[in-house]
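1. what's the 3D shape of this:
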Amino acid sequence: MSGLLLLPLAPLRGTLWVADHLLQEAERQTGDPRAVQARLAALNRALEEGAIDEEAFEEEEERLLARLDSPVRYAGRPHRGGVS
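-> So this is what the prediction gives:
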């Protein structure tokens, strides 16, 4: 009986589950030093090829290096719960 009452909430629960998993993956990727290093390499190539200027390079490089220096590693964070 309760399953029938909760049935209208199924799309919402599914959406919340997807959003939670997307957030977890984004946090994992942004906290992974290898991903940051790959982005730094791509940034260097973009500068060398003239796709970006020196100012844009320095801003993005600063942001990426701050991620590497950050004591918070998203991949090591415990699961926050959410819809399972």
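
2. burial of P33, as a residue count?
-> 11 (other CB atoms under 10 Å). Backbone N, C-alpha and C define where each C-beta goes, glycine included.

3. Excluding chain neighbours, give the residue nearest to it in space.
-> In space, and not counting its chain neighbours, P33 is closest to L68: 5.9 Å by CB to CB, 6 or more residues apart in numbering.

4. Report the secondary structure state of that neighbour.
-> helix (DSSP: H, G, I helix; E, B strand; the rest coil).

5. ok now the host helix or strand of Q24, how far from the chain's centre?
-> With secondary structure defined by DSSP states H and E, Q24 is part of helix 10-31. Relative to its parent chain, helix 10-31 has a centroid offset of 10 Å by CA atoms, centre = their mean, to the nearest Å.

6. which parts of the helix or strand just after that helix are buried?
-> Per DSSP H and E, the first helix or strand lying C-terminal to helix 10-31 is helix 33-48. Of the residues in helix 33-48, those buried under the neighbour-count criterion (16 or more other CB atoms under 10 Å) are 36, 39-40, 43, 47.

7. Could you tell me how many residues sit around the residue nearest to P33?
-> Burial of L68, expressed as a neighbour count using other CB under 10 Å, amounts to 11.

8. okay, and the helix or strand of this structure with the least pLDDT?
-> helix 2-6 (a mean of 70; mean pLDDT, DSSP states H and E).
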